[in-house]
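[1] All I have is the shape, not the residue letters:
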Ligand SMILES: C=CC1=C(C)c2cc3[nH]c(cc4nc(cc5[nH]c(cc1n2)c(C)c5CCC(=O)O)C(CCC(=O)O)=C4C)c(C)c3C=C
Ligand SMILES: [Fe+2]
Ligand SMILES: [Fe+2]
């Protein structure tokens, strides 16, 4: 018969990655500097990149501060992520009662950042580690950048594996579908178009780096649209930065088209899992004004999945599935094509070559 000592569980650390955001007006510039100094964001050699990052962060500081002022001066991303951590720990403890589970937040460009979090995880001495990006779709600019820095930094104990993406995972699709259903109910009778809006990336990352982000975003939108039986829907990209060609159509272009077509809009943030500047300011203030200018009624912005039970259960299932393996893999269906930058396919390629 087993004694309490025999059934002592594993210590499981889940590391949740996101971008991070400034916690007050004085951290806007250093946050922007960290972002633009990342080679995954600006692919210039070291010293040039740092000089460019200094210039852009100085130039953007005032306008970015004005936008963060709408949210009390700083980003709500960290409190929103803390709520997700609590919900995920709870969901995992219910499913794995014999184990001790602790989730850690690791932000890329503002605190808590990688070096400090790696030290915290090391001090906690986990047996198992699951790396879980809070980016459903993989991009070289987000997930790859966070995982690379983590892998270069963490030297502590524990068997580690990573979830690279979950663009069509059941919980993610169901959470989106549930929130859109509510949005459509609020819209009522007038003809409306469901517009999925994703954070953009420069088009060259897809063509030259083999970044699978656009494919994963498109496949996720299709899965949600099919689940809801949508007949009028589209995908567009927001948050353009700089002079390069970004993925399109842009969200302002898609809104203009909706105005011309005489339909209302239910706008869905399809690449974010919690509220922050890109939803609360760009979608709720800037694009709402634009929608009004184009005569779009209604303009309804669907909330992000945040701590909805379907999303959190989905994450918990992804973590549990990952515990049975090593390496890097998607949760649910990942990419369809063989993208050069996709880590799960890199491993498949290595296995096939061996
Ligand atoms: C899907 C997620 C994201 C991708 C892809 C992404 C790429 C990307 N972002 C920039 C530049 C900026 N992003 C900024 C804010 C921001 N970006 C994401 C997510 C993705 N970025 C989030 C969650 C946030 C919010 C941070 C917060 O305040 O809580 C900003 C700062 C805001 C602003 O000044 O507009 C910049 C700048 C680039 C250049 C890029 C791909 C190359
Ligand atoms: Fe961004
Ligand atoms: Fe993939």
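    Yep, it's here. Quantities reported herein were computed from a predicted structural model and do not represent experimental measurements. Ligands and ions are numbered 1, 2, ... in the order given.

[2] and the one residue in the stretch 151-300 of the chain that gets nearest to ligand 1, how many neighbours?
    Nearest to ligand 1, among the residues of the stretch 151-300 of the chain, is residue 276, at 3.4 Å (CB to the nearest ligand atom). Where C-beta positions appear, they are placed from N, C-alpha and C, glycine not excepted. Residues near residue 276, counting by other CB atoms under 10 Å, number 24.

[3] Look at the residue nearest to it when sequence neighbours are not counted and report its pLDDT.
    Among residues not flanking residue 276 along the chain, residue 77 sits closest, at 4.4 Å (CB to CB, 6 or more residues apart in numbering). According to the prediction, residue 77 has pLDDT 98.

[4] Please report how far residue 77 lies from residue 68.
    According to CB to CB, to the nearest Å, residue 77 stands 11 Å off from residue 68.

[5] Quickly list what's touching both of these two.
    Common contact partners of residue 77 and residue 68 (CB atoms under 8 Å, 6 or more residues apart in numbering): residue 21.

[6] Neighbours of residue 188, how many?
    Burial of residue 188 is recorded as 10 neighbouring residues (other CB under 10 Å).

[7] That one: what's it in contact with?
    Applying CB under 8 Å, 6+ apart, the residues contacting residue 188 are residue 298.

[8] Doesn't residue 315 belong to a strand?
    No. When DSSP: H, G, I helix; E, B strand; the rest coil is applied, residue 315 is found to be helix, with no strand at that position.

[9] for it, what are its contacts?
    If a contact means CB under 8 Å, 6+ apart, then residue 315 has 84, 88, 91, 132, 171 as its contacts.

[10] what about the most centrally placed residue in the chain, distance to residue 289?
    Residue closest to the average C-alpha location in the chain (CA atoms, centre = their mean): residue 135, at 2.5 Å. Residue 135 sits at a distance of 28 Å from residue 289 (criterion: CB to CB).

[11] Tell me which helix or strand comes right after the helix or strand hosting residue 321.
    Using DSSP states H and E, residue 321 falls within helix 309-322. Going down the chain from helix 309-322, the next helix or strand is strand 327-329, by DSSP H and E.

[12] mean confidence score for the helix holding residue 321?
    For helix 309-322, the mean per-residue pLDDT is 98.

[13] got the residue ranges for the helices in the stretch 251-354 of the chain?
    All helices of the stretch 251-354 of the chain, identified by DSSP state H, counting those that start in this stretch, fall at 251-261, 277, 287-293, 309-322, 343-353.

[14] got the residues of this structure near ligand 3?
    Neighbours of ligand 3 within the chain, by CB under 5 Å from the ion: 334, 335, 342, 344.

[15] same thing but at 6 Å, please
    138, 164, 165, 212, 330, 334, 335, 342, 344, 345 (CB under 6 Å from the ion).

[16] Which two of those have the greatest separation?
    Within these, 165 and 345 form the most distant pair, 11.1 Å apart (CB to CB).

[17] overlap in contacts of those two?
    Taking CB under 8 Å, 6+ apart as the contact rule, residue 165 and residue 345 both touch 334, 335.

[18] Would you mind confirming that residue 305 makes contact with residue 173?
    No. At 10.4 Å, residue 305 and residue 173 do not qualify as touching, with contact defined as CB atoms under 8 Å.

[19] distance of residue 106 from residue 19?
    11 Å.

[20] For those two, indicate the residue with more neighbours.
    Under the neighbour definition other CB under 10 Å, residue 106 and residue 19 were set side by side, and residue 106 has more, 28 against 22.

[21] Pairing partners for the more buried one in the sheet, please.
    In this structure, residue 106 bridges to residue 17 when assessed by DSSP bridges.

[22] residues near residue 83, how many?
    Residue 83 has 13 nearby residues by other CB under 10 Å.

[23] list the contacts for it?
    For residue 83, the residues meeting the contact criterion (CB under 8 Å, 6+ apart) are 306, 307.

[24] Can we start the residue count at 42 from this point?
    With the count now opening at 42, the last piece we talked about shows up as residue 124.

[25] doesn't it fall inside a helix?
    Yes. Per three-state DSSP, residue 124 lies within a helix segment.

[26] For residue 197, which non-adjacent residue is spatially closest?
    Using CB to CB, 6+ apart, the closest residue to residue 197 is residue 163 (2.9 Å).

[27] which residues touch whichever residue of the chain sits closest to ligand 1?
    Shortest the chain-to-ligand 1 distance, computed as CB to the nearest ligand atom: residue-wise this is residue 62, at 2.6 Å. By CB under 8 Å, 6+ apart, the residues touching residue 62 are 72, 109, 115, 116, 117, 118, 119, 148, 151, 317, 318.
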